[in-house]
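Undergrad: I need the structure of the sequence given here:
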Amino acid sequence: MLIVCVDGGQTKTSIDLFDGNAGLIRNWKTEPVIHYARPGGLDSYFRIAAGLCEELNGMKLAEPVSVCFSLSGYHGDVSIIPETIERGMSGRNFSMAGLLVVPDYWGNWRAVTNGKPGIVVISGGGTVAYGKNAAGSSARLGGWGHHLGDEGSGYWIGLEAVKEVLKARSGISASTALEQPVASMLDFKEESGLLAGFYSGEITDKDLALLVPAVNEQAERGDPAACRIMEEAAGHLFRLAFAALKRLGGELPVYLSGGVFNASTLRRNLSSLFETAGISRLVSICEGNPAHGIYSLARENAAL
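TA: All right, here's what the predicted structure looks like:
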């Protein structure tokens, strides 16, 4: 049996094809998922599923395939999403051993905990915390999307940097060293160009998330605006982790997962907050690959 793991995020979708022994055969990237309620959202799920189907058809696979879609913005309670994915894969010419659609944090949680009690706090394009305790109770906090949440995410950090540049240029706040890297990376000179790019969608969520290293660099150099952004991002992520611990009770391990935790200033700020709260012993930055958790879920589903 072959296993296909589809990690659908807000900045990209990563697809891994594994053999039955978890050996990676191939990896490729495709477009990000769009929230199903937004215009074109369901179409994005269909395109990703249909594109996967076409890719696998072209491989002329002899073995059955178990597929698991792990999706950002999906919480398991909207039937039209798995229905759309099933429709997108209806043209398959290979044998399907199983098709499972789960929230993205399920795969991340399984990858870092190996199914044992614990909490994962994810900060990449968005933010969410998910965990289970020894009694089997689970809790999700966050995962509400850019408009209603995602504080401390790569998107949020990038957006805050853009706001600081606009306020500095207009004289509302002091000048900031963020202006040059933000203008360069988003490719604008005048305010009108930035606004046009942002509201037309030419500047994407991924573009904003890619500003995180630049914000971190300026924070390391002491720029007040950049320091404020990274301190507030750390505060948001700390509160998410702390609330998850309170919800689930006990001294559960807390795993920090996602690209935002690569930012050195954010890590130091978080470390200080966890130390002050007396829970630093529970917290670690994990290197778990979400695909491994998705793989495990796909294998289990095929065995049912």
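
Undergrad: which stretches of the protein form helices?
TA: Ranges of helices in the chain, per DSSP state H, are 41-59, 80-88, 104-113, 154-170, 179-186, 191-200, 205-209, 212-220, 224-248, 264-277, 290-303.

Undergrad: Would you mind finding the most buried of those helices?
TA: Across those, the average number of neighbours (mean count of other CB atoms under 10 Å) peaks for helix 104-113, which reaches a mean of 26. Where C-beta positions appear, they are placed from N, C-alpha and C, glycine not excepted.

Undergrad: now for it, which elements pack on it?
TA: strand 2-8, strand 65-71, strand 118-123, strand 127-132, strand 254-257, helix 290-303 (3 or more CB pairs under 8 Å, 6 or more residues apart in numbering; DSSP states H and E).

Undergrad: roughly how far out does the fifth one sit from the chain middle?
TA: Its chain's C-alpha centre and that of strand 254-257 lie 13 Å apart, by CA atoms, centre = their mean, to the nearest Å.

Undergrad: what's that strand packed up against?
TA: So strand 254-257, by 3+ CB pairs under 8 Å, 6+ apart, packs with helix 104-113, strand 118-123, helix 224-248, strand 283-285.

Undergrad: circling back: for the helices and strands packed on helix 104-113, which one sits closest to Leu211?
TA: Closest approach to Leu211 among the helices and strands packed on helix 104-113 is made by strand 118-123 (14.4 Å; CB to CB).

Undergrad: give me the low-pLDDT residue ranges for this structure?
TA: Scanning the chain for pLDDT under 70 picks out the ranges 287-288, 303-304.

Undergrad: thinking again about what came up before, can the helices and strands packed on helix 104-113 go into CSV with extra columns for distance to Glu190?
TA: Compiled in CSV, the helices and strands packed on helix 104-113 are given as follows (distance: least, CB to CB, whole Å):
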stretch, distance to Glu190
strand 2-8, 35
strand 65-71, 38
strand 118-123, 32
strand 127-132, 32
strand 254-257, 39
helix 290-303, 40
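
Undergrad: Next, name the residue at the spatial heart of this structure.
TA: Nearest to the geometric centre of the chain sits Gly124, at 4.2 Å (CA atoms, centre = their mean).

Undergrad: related to what we said a few turns ago, can you redo the helices of the chain as CSV with distance to Ser257?
TA: Formatted as CSV, the helices of the chain follow (distance: least, CB to CB, whole Å):
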stretch, distance to Ser257
helix 41-59, 22
helix 80-88, 23
helix 104-113, 5
helix 154-170, 13
helix 179-186, 25
helix 191-200, 28
helix 205-209, 15
helix 212-220, 15
helix 224-248, 11
helix 264-277, 13
helix 290-303, 8
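
Undergrad: Out of those helices, flag the one nearest Thr11.
TA: Comparing the helices of the chain by CB to CB, helix 205-209 comes nearest, at 3.8 Å.

Undergrad: Go through the helices and strands packed on helix 104-113 and name the closest to Ser272.
TA: Comparing the helices and strands packed on helix 104-113 under CB to CB, the one sitting nearest is strand 254-257, at 14.3 Å.

Undergrad: Test my guess that Gly145 contacts Gly73.
TA: Yes - taking contacts as CB atoms under 8 Å, Gly145 lies within contact range of Gly73: 6.3 Å.

Undergrad: Give me the more crowded residue out of the two.
TA: Gly73 (25 against 16; other CB atoms under 10 Å).

Undergrad: Report the contact partners of that one.
TA: Gln10, Val33, His35, Tyr36, Gly126, Gly143, Gly145 (CB atoms under 8 Å, 6 or more residues apart in numbering).

Undergrad: before we move on, what about Glu220?
TA: Neighbours of Glu220 in contact, by CB under 8 Å, 6+ apart: Ser264, Thr265.

Undergrad: And it, how close does it get to Gly259?
TA: 17 Å (CB to CB, to the nearest Å).

Undergrad: try Leu211
TA: 12 Å.

Undergrad: Of the helices of the chain, which is nearest Ala134?
TA: Of these, nearest to Ala134 by CB to CB is helix 224-248, at 9.4 Å.

Undergrad: List the contacts of Phe274.
TA: Counting by CB under 8 Å, 6+ apart, Phe274 has contacts Phe238, Ala241, Ser280, Leu282, Val283.

Undergrad: State the pair within these that is farthest apart.
TA: Top of the distance list for these (CB to CB): Phe238 and Leu282, 12.4 Å.

Undergrad: Many thanks, I have nothing further to ask.
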